[in-house]
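[1] Next one to model:
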Amino acid sequence: MKERASTTNQTLGEVKKKTLDKQEHLWELSRALAVLASASSVSREREEFLRLVRKEDVDVTEWKGDILAVGVTEKDLARDANSKFENVILSKIDSKLGGLLAEASSEEDFSGKVGQSTVLRITGLGSKRVGLIGLGQSPSTPSPFKGLGDAVVEAAKSSQESSAAVVLASSEGLSAQSKLSSAYAIASGAVLGLFEDNRYKSEAKKSTLRSIDIIGLGMGPELEKKLKYAGDVSSGIIFGRELVNSPANVLTPGVLAEEAAKIASTYSDVFTAKILNAEQCAELKMGSYLGVAAASENPPHFIHLCYKPLSGPVNVKLALVGKGLTFDSGGYNIKTGPGCSIELVKFDMGGSTTVLGTTKALGQIKPLGVEVHFIVATCENMISGTSMRPGDIVTTSNGKTIEVNNTDAEGRLTLADALVYACNQGVEKIIDLATLTGACVVALGPSIAGVFTPSDDLAKEVFEASDVSGEKLWRLPLGESYWETMKSGVADM
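    Below you'll find the predicted structure:
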C-alpha cells in the first residue's frame, strides 16, 4: 500500500508539473502574441491626412471643388413673398441653380435644425455638389459648428469626394472672435469626423477627402493660430481614442506606460516621466491600488508625467488623474448577466486615455504659466488565487483602511492611492476622470458626464471650459448624508 501510494503521488506530481509547464508555455505564448500585436497596433505615426485651407475673397458660386457645404440657421431659411431665400448667400447660390435649392429644402422639409442636412448633385456652380447643414437657432456653443465639420466629412465620404468647402450663410454678421471660434469648431469637427480606427482590420476602405476650404472666416495669423490649435487638440483626442479602442490583449498596463513614456520622450523639452513598478508602489504603501492589481499576470504600472512650461513663472499647479483599468473582469464580483458588457470593459481606462491625450495636446501647444501633473495608476482587475476578495481590508498610502464589499468597485480603490500621490505633488487643484459606474449613464444619458466636487469655484472653472469646448457636463450632489453609506464597522470606510 505504501509503495502504491508513493507511485500515485509521484504520478500526480509529474502530471502537476506537466500541467504547470503547459500553463507557463501558454502564458508565454499569450504574452508573445500581445507583444506582437502591440508592436504594430498601439503606436502608429499619424500622417497629415487633412489640409485645412483658409479662403476669404472667394465667390462661393465660383469655388471649384467637389462639395460646397453651407451652414444655415433656422433664420437663414426665411423666404420672401416669391418663396425665394432672403439670405444673401443662399439667394446667390440658388439663383445659379434656378431655385432648385429652395425647392429641394421645401420638399425634404429641411428647416435648419441641428442634425438636418440635404446634399444635391448639381450643375451651374463651380462645385459638383452643394449641401445645406443645419445649425439650429442662433448657435451659442461650439457643438453645432463641430457638427457642421463632421457633416461635411460624412457627405464627402458617402460620395467619395476629395475636396470640400465650408461657408456660413450668416458669416458677415459675426464678430471677429465668433468667426475664430466657429472656424476652430468646424476644423475640429472635420478632423475628428474623418478619423476611423481601422488598425485591426486586414482591409479597410480609406477616405478620399484631402482638403477642406474654410471660406469667409478670416485670413490673418489669428485664424492660422486657431486652426493649428484645433489640430493639436484633435490629435490628442484621436490618440486617446486609439488607446481606448485597443483591446486588452494589446493594451496592457505595461504598454500603456510605454505610450506615456513615448509622449514624454517626444516632448522632452516640457515633459518628464516617472513610471513606478509594483515594488516601488509597495514602498509607498499603495495597498489599495496593489490590492486591485494582485490577481493579474500583467504587472501594474504607476504613471506620473509632469509638464512644465519652457519659460516664465508658474502661476498655478494642477493635477489630472485618470482611471486606468485596461481590463475589468469585476474580480470575484464578476460582471455577469445581460447588460454587464464584460466584452467592452477595455474602455475602463477611458479616464487615463483622456489624461494621456491631454499630455499629447499640451506637448504641442506648450502653454505658459501652468504646471500639470498627469497621474494614472494602471492595472487589470482579474481573478486568480491571489485575487482581492469581498470582505478584504486594504490600506491606502495615507494610512486609511477600506473594507472591500464589492471587488467590482475597483476604480475608486486605484484612484484613492493616485489622488493621495497627486496631493503630495503640491498641486492646488485636482481633476480626476473615470468610468466609475454605469449608473451615471442611466442618470444622464450617453453624452453628458457627471461632475462631483465640493468646490463651487472649481466647478465654475470646469463648466466654463466645457462651454468653450462644447462638452456636456452636469453637476451631481455631494451630500453629507452620503458618508453614512460609506461607514464600516471594521475599517475606516
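
[2] Tyr421 touches Asn398, doesn't it?
    No - assessed by CB atoms under 8 Å, Tyr421 is found out of contact with Asn398, at 9.7 Å. (C-beta placed from N, C-alpha, C; glycine too.)

[3] So which of those two has more stuff around it?
    Tyr421 (23 against 14; other CB atoms under 10 Å).

[4] Can you report phi and psi for the more buried one?
    Tyr421 adopts backbone torsions of phi -60, psi -40, taken as degrees, to the nearest 10.

[5] Contacts only, for it.
    Neighbour list for Tyr421: Leu284, Met286, Phe302, His304, Ile375, Ala377, Ser397 [criterion: CB atoms under 8 Å, 6 or more residues apart in numbering].

[6] Out of those, which is nearest to Thr118?
    Distance to Thr118 across the contacts of Tyr421 (CB to CB) is lowest for Ile375, with 47.5 Å.

[7] Can you list which of the contacts of Tyr421 are found in strands?
    In strands, defined here by DSSP state E, the members of the contacts of Tyr421 are Phe302, His304, Ile375, Ala377.

[8] Among the residues you listed, which pair sits farthest apart?
    For the ones in strands among the contacts of Tyr421, the maximum inter-member distance is 9.7 Å, found between His304 and Ala377 (CB to CB).

[9] the more surrounded of those two?
    Higher neighbour count among His304 and Ala377: Ala377, with 33 against 21, using other CB under 10 Å.

[10] That one: what's it in contact with?
    By CB under 8 Å, 6+ apart, Ala377 lies in contact with Met286, Tyr289, Pro300, Phe302, Ile303, Gly324, Thr414, Leu415, Asp417, Ala418, Tyr421.

[11] what's the spacing between it and Ser171?
    Noted for Ala377: a distance of 47 Å to Ser171, by CB to CB, to the nearest Å.

[12] Show me the helices in the stretch 51-200 of the chain, by range?
    With DSSP state H, counting those that start in this stretch as the criterion, the stretch 51-200 of the chain has helices at 88-96, 100-107, 143-158, 176-194.

[13] Show the contacting residues for Pro247.
    So Pro247 contacts Tyr200, Lys346 (CB under 8 Å, 6+ apart).

[14] Please disregard the earlier target; I meant Phe347.
    Phe347 neighbours (CB under 8 Å, 6+ apart): Val244, Thr435.

[15] switch the cut-off to 6 Å
    Phe347 sits next to Val244 when contact means CB atoms under 6 Å, 6 or more residues apart in numbering.

[16] Same check on the one 4 residues further on?
    Contacts of Gly351 were listed using CB under 6 Å, 6+ apart, and they are Gly322, Lys323, Leu433, Ala434.

[17] likewise Ala416?
    Ser288, Thr396.

[18] So it versus Cys379, what's the distance?
    Taking CB to CB as the measure, Ala416 falls 13 Å from Cys379.

[19] tally of neighbours for the nearest residue to Arg389 once chain neighbours are set aside?
    Using CB to CB, 6 or more residues apart in numbering and skipping residues adjacent in sequence, the residue nearest Arg389 is Tyr332, 5.8 Å away. Close neighbours of Tyr332, defined as other CB under 10 Å, add up to 17.

[20] Quick check: pLDDT value at Tyr332.
    Per-residue pLDDT puts Tyr332 at 97.

[21] beta partners for the closest residue in space to Lys113 that isn't next to it in sequence?
    Closest residue to Lys113 apart from its sequence neighbours, by CB to CB, 6+ apart: Gly134 at 4.9 Å. With DSSP bridges as the criterion, Gly134 is bridged to Val72.

[22] and Gly134, what is it in contact with?
    Applying CB under 6 Å, 6+ apart to Gly134 gives the contacts Gly112, Lys113, Val114, Gln116.

[23] Look up which helix or strand Cys306 falls in, please.
    Using DSSP states H and E, Cys306 maps to strand 301-307.

[24] What strands flank that strand, and is each parallel or antiparallel?
    Here strand 301-307 has these sheet partners by DSSP bridges: strand 271-276 (antiparallel), strand 370-381 (antiparallel).

[25] Next, the buried residues of the shortest one.
    So the one you mean is strand 271-276. Buried residues in strand 271-276, counting neighbours by 16 or more other CB atoms under 10 Å, are found at Phe271, Ala273, Ile275, Leu276.

[26] can you tell me which two in those are farthest apart?
    Within the buried residues of strand 271-276, Phe271 and Leu276 form the most distant pair, 16.6 Å apart (CB to CB).
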